[in-house]
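**Q** How does the following fold in three dimensions:
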Amino acid sequence: MDKNQNLKKKYWKKNLKYLAILLSIWFLVSFVFGILLVDELNTIRLGGFKLGFWFAQQGSIYVFVILIFVYIKLMNKLDKEFGFNEQ
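**A** Coordinates of the predicted model:
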């Protein structure tokens with residue numbers, strides 16, 4: 001197999017690993033915290049609101065935006081590591 005081809009496979013494998021981790025976090029926050037555990041989390045208050053309600057209405061959106069910035073940072077680092085960065 002070509003060295004460049006092997007490098008691309010390693011790059012995409014690591015990229016997919018990052019995606020799987022970040023999407024798992026988003027799933028945990030939006031579905032598990034916002035839907036499945038909402039009753040348990042509603043016993044805790046955050047800024048006057050029940051925590052389960054907060055996760056369902058705003059928390060998952062905030063986490064998603066944060067995950068976008070984390071993904072950008074991870075991909076910039078990955079691009080530099082594999083020599084795919086633009087400069």
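**Q** Does Val70 belong to a helix, a strand or coil?
**A** helix (DSSP: H, G, I helix; E, B strand; the rest coil).
**Q** Next, the contact list for it, please.
**A** By C-beta atoms under 8 Å, 6 or more residues apart in numbering, the contact list for Val70 reads Leu22. Where you see a C-beta, it was placed from the backbone N, CA and C, and this is true even at glycine.
**Q** one more time with 10 Å, if that's ok
**A** Val70 sits next to 18, 21-22, 25, 63 when contact means C-beta atoms under 10 Å, 6 or more residues apart in numbering.
**Q** and what of Leu46?
**A** So Leu46 contacts 52-55, 58-59 (C-beta under 10 Å, 6+ apart).
**Q** Need phi/psi at it.
**A** phi -130, psi 110 (degrees, to the nearest 10).
**Q** So which residues of the protein form strands?
**A** Assigned strands in the chain, in chain order: 45-46, 49-50 (criterion: DSSP state E).
**Q** Show me what the lowest-mean-pLDDT helix or strand in the chain pairs with in its sheet, parallel or antiparallel.
**A** Scoring the helices and strands of the chain by mean pLDDT, DSSP states H and E places strand 45-46 at the bottom, with a mean of 84. In the sheet, strand 45-46 lines up against strand 49-50 (antiparallel) (DSSP bridges).
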